[in-house]
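Enquirer: Sequence first, then the predicted structure:
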Amino acid sequence: MNDSTTLLTCLNCGRSEQQVPLVALRYNQTPGWICSQCLPILIHQPQRLAGKLKGAENLPPAAEH
Ligand SMILES: [Zn+2]
(Lines give C-alpha, C1' and ligand atoms only; values in the text may rest on other atoms or scores of the structure.)
Protein backbone atom coordinates (compact mmCIF):
# COMPACT_ATOMS: atom_id res chain seq x y z
CA MET A 1 0.00 0.00 0.00
CA ASN A 2 1.45 3.33 -1.04
CA ASP A 3 -0.30 6.32 0.49
CA SER A 4 1.63 8.83 -1.57
CA THR A 5 -0.37 7.95 -4.66
CA THR A 6 -3.73 7.59 -2.91
CA LEU A 7 -6.17 10.42 -3.51
CA LEU A 8 -7.44 11.32 -0.05
CA THR A 9 -11.13 12.00 0.36
CA CYS A 10 -13.40 13.41 3.08
CA LEU A 11 -14.95 10.59 5.12
CA ASN A 12 -18.31 12.38 5.09
CA CYS A 13 -18.86 13.93 1.67
CA GLY A 14 -16.20 12.07 -0.30
CA ARG A 15 -14.72 15.15 -1.91
CA SER A 16 -11.02 14.89 -2.64
CA GLU A 17 -8.07 16.88 -1.41
CA GLN A 18 -8.00 18.49 -4.84
CA GLN A 19 -11.45 19.98 -4.27
CA VAL A 20 -11.41 20.98 -0.60
CA PRO A 21 -8.87 21.29 2.22
CA LEU A 22 -8.77 18.07 4.24
CA VAL A 23 -8.00 17.87 7.94
CA ALA A 24 -6.42 14.73 9.38
CA LEU A 25 -8.08 13.10 12.37
CA ARG A 26 -7.85 9.93 14.40
CA TYR A 27 -10.58 8.18 16.35
CA ASN A 28 -10.75 4.65 17.77
CA GLN A 29 -7.25 3.99 16.45
CA THR A 30 -8.53 4.74 12.98
CA PRO A 31 -7.04 7.56 10.91
CA GLY A 32 -9.25 9.54 8.59
CA TRP A 33 -9.71 12.77 6.73
CA ILE A 34 -12.51 15.27 6.90
CA CYS A 35 -12.91 18.43 4.87
CA SER A 36 -13.21 21.91 6.28
CA GLN A 37 -16.90 22.06 5.38
CA CYS A 38 -17.75 18.81 7.15
CA LEU A 39 -15.69 19.58 10.23
CA PRO A 40 -18.58 21.49 11.90
CA ILE A 41 -20.72 18.35 11.53
CA LEU A 42 -18.12 16.37 13.44
CA ILE A 43 -18.11 19.02 16.16
CA HIS A 44 -21.82 19.73 16.49
CA GLN A 45 -23.65 16.73 14.99
CA PRO A 46 -21.24 13.79 15.21
CA GLN A 47 -24.12 11.31 15.10
CA ARG A 48 -24.59 12.24 11.44
CA LEU A 49 -21.23 10.61 10.78
CA ALA A 50 -22.37 7.24 12.16
CA GLY A 51 -21.47 4.57 9.65
CA LYS A 52 -18.84 6.81 8.11
CA LEU A 53 -16.59 7.33 11.12
CA LYS A 54 -16.38 4.20 13.27
CA GLY A 55 -17.94 4.88 16.68
CA ALA A 56 -19.25 8.33 15.77
CA GLU A 57 -22.65 7.43 17.21
CA ASN A 58 -21.00 7.41 20.64
CA LEU A 59 -19.49 10.87 20.29
CA PRO A 60 -21.11 13.60 22.36
CA PRO A 61 -21.76 16.80 20.42
CA ALA A 62 -19.93 19.91 21.55
CA ALA A 63 -21.89 21.99 24.02
CA GLU A 64 -23.80 24.85 22.47
CA HIS A 65 -23.06 28.28 23.86
ZN1 LIG B 1 -16.56 16.74 3.55
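Expert: Done, it's in.

Enquirer: what residue is smack in the middle of the chain?
Expert: Nearest to the geometric centre of the chain sits residue 34, at 3.4 Å (Cα atoms, centre = their mean).

Enquirer: Can I take it that that one is in a strand?
Expert: Yes: under DSSP: H, G, I helix; E, B strand; the rest coil, residue 34 falls within a strand.

Enquirer: so who does it touch?
Expert: Applying Cβ atoms under 8 Å, 6 or more residues apart in numbering, we find residue 34 in contact with 10-12, 22-23, 25, 42. Every residue, glycine included, has its C-beta placed from N, CA and C.

Enquirer: All the helices of the chain, in order from the start?
Expert: Ranges of helices in the chain, per DSSP state H, are 39-44.

Enquirer: my read: residue 8 touches residue 18, true?
Expert: No: assessed by Cβ atoms under 8 Å, residue 8 is found out of contact with residue 18, at 9.2 Å.

Enquirer: Tell me which of these two has more neighbours.
Expert: Ranked by neighbour count (other Cβ atoms under 10 Å), residue 8 and residue 18 place residue 8 first, with 14 against 9.

Enquirer: what about stretch 6-18, average pLDDT?
Expert: What stretch 6-18 shows for mean pLDDT is 95.

Enquirer: Enumerate the residues of the protein near the ion.
Expert: Counting by Cβ under 5 Å from the ion, the chain comes close to the ion at 10, 12-13, 35, 38.

Enquirer: buried stuff in stretch 51-61?
Expert: By 16 or more other Cβ atoms under 10 Å, the buried positions in stretch 51-61 come out as 52-53, 56, 59.
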